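Trainee: Give the three-dimensional model of this entry:
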Amino acid sequence: MTSEDTDRVWELMQKIGFCMLSTREGEDIRSRPMAAHVDRDANAIYFLTDVKSHKDDEIEAEPHVALAFADAGDQKYVAVTGIAHVSNDREKIRELWSTPAKAWWDSPEDPDIRVLKVSPKDAQYWDSPGTVVSYVKLFAAAVGAGRPDVGDNAKVKLGAGWLRQPGEGS
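Mentor: Just a heads-up that it's a prediction; the model follows:
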């Protein structure tokens, strides 16, 4: 793990922008696509969510979540584990408000909007040079000896902030 690996994780999450958020409901794992607002300075990934959604209840019962970012076209992926917390931070909601949010709510003042904050614990990324190059390398490895070099992969820690439980400090 290097600082370049940590930088790359944050860059990839920012570039990809959407992820699958996975929560637990008892023994079951539920995933849904979400628009991510990545804030490295805050060591957080934010989402707008609805107070009526099941994911908020699932997070309250079990705050450990997973995020899966994928840019299949460029063969770039990031998997994140972290602690989630849902709040009614109206200032943050207004800060995160964007045109796509209008598909779900009329305005940032809608009383049903909540902000979901994920404090990442760690991440793993896969960053290949792209589909065509990867296929060429896979083919070359298949007809020759050895394993293909299809890009970078690293597991990184993303800060100590994950040690705090929701509601403990900022």
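Trainee: how about the helices of the chain, start to end?
Mentor: Here the chain has its helices, by DSSP state H, at 3-16, 54-61, 90-96, 131-143.
Trainee: What residues of the shortest one count as buried?
Mentor: Spelled out, it's helix 90-96. For helix 90-96, the neighbour count (16 or more other CB atoms under 10 Å) marks 92, 93, 96 as buried. Placement of C-beta: from N, CA and C, glycine included.
Trainee: Likewise for the longest one?
Mentor: Buried residues in helix 3-16, defined by neighbour count with 16+ other CB under 10 Å: 5, 6, 8, 9, 10, 11, 12, 13, 16.
Trainee: Return the set of buried residues in the lengthiest strand in the chain.
Mentor: With secondary structure taken from DSSP state E, the chain has its longest strand at strand 113-127. Of all the residues in strand 113-127, those buried under the rule 16+ other CB under 10 Å are 113-123, 125-127.
Trainee: Can you tell me which of the residues you listed comes closest to residue 32?
Mentor: Nearest to residue 32, judged by CB to CB, of the buried residues of strand 113-127 is residue 116 at 11.5 Å.
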